[in-house]
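J.: okay, here's the prediction I keep looking at, along with the sequence it came from:
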Amino acid sequence: MFNFNTPEYIAVQLESGYGTSSRRQWLPLPATKKQFESAVKYVDEDGIGFNIVKVRGKFPGLLVKMTEEASLAQIKHLAAQIRKLDREQTLKLCAIHETDELFQTIGQLIDFTYNSERYTLESDILNEEDLGLARLQEVADYNVHLKFANSDCVDPFTFGVNIAKKEKGIFTSLGYLTSKKSWGYTPKPRHIPTEWNLKGQYGEDLYLEEEIE
């Protein structure tokens, strides 16, 4: 489970040179142009070029293989977006990460940061019986004559099972998770221009092109 006591971060390690003569520097993202140029100046003082050799991050849903397959611009974009998420949005992402709906690309994580409202997380519902009682109470609140929850008319557990099946909801340790889309659908990654596909190129520069808003 995600530890909220440790701040989220994404950082890349720049390297220039080879073997014992190589120089390395970690650069937290998102970085300003001044911070980026300072890191480059340190590792590449001879102007021979540099490369991204490692990516490290601590964020729910972030997998190592994502950073290996992503461009540096995408990683920077994600780092900027995760700073905008509040606790509720981060909890949703933690819950999603417990399900089979594991995001597989940086683009999918970026997409979530723009569309977290697609998901609903009810933290007070942890199992079928909780769900059944909650939905029965909603019925009772709507119509005072239909107070099923305190009668033998409806079994809360069975009712919860049926509701979860109909809503395609999933129970997680953080609550009951539903989505406005069908589970299993993979959202299209937010478009990143091809000229931003910088990962693995010597002398790459995050600021050659206009920054993504």
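T.: Alright, I've got the coordinates.
J.: identify the residue spatially nearest to the residue nearest the centre of the chain, adjacent ones excluded.
T.: Per CA atoms, centre = their mean, the C-alpha nearest to the average position across the chain is that of residue 109, at 4.3 Å. Nearest non-adjacent residue to residue 109, counting by CB to CB, 6 or more residues apart in numbering: residue 103, 5.2 Å away. (C-beta placed from N, C-alpha, C; glycine too.)
J.: again, but for residue 131
T.: Residue 131 sits nearest to residue 160 (CB to CB, 6+ apart), 3.7 Å away.
J.: list the contacts for the one you found?
T.: 127, 128, 129, 130, 131, 132, 133, 135 (CB atoms under 8 Å, 6 or more residues apart in numbering).
J.: at 6 Å instead, please
T.: The contact partners of residue 160, by CB atoms under 6 Å, 6 or more residues apart in numbering, come to 128, 129, 131, 132.
J.: can I get these in a markdown table including distance to residue 180?
T.: Converted to a markdown table, these look like this (distance: CB to CB, whole Å):
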| residue | distance to residue 180 |
| --- | --- |
| 128 | 22 |
| 129 | 25 |
| 131 | 18 |
| 132 | 22 |
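J.: show me the contacts for residue 109.
T.: Contacts of residue 109 by CB under 6 Å, 6+ apart are 61, 78, 103.
J.: hmm, I typed the wrong one, I wanted residue 67.
T.: Here residue 67 is in contact with residue 55 (CB under 6 Å, 6+ apart).
J.: burial check on residue 60, number of neighbours?
T.: For residue 60, the neighbour count with other CB atoms under 10 Å is 20.
J.: for residue 33, same thing?
T.: 11.
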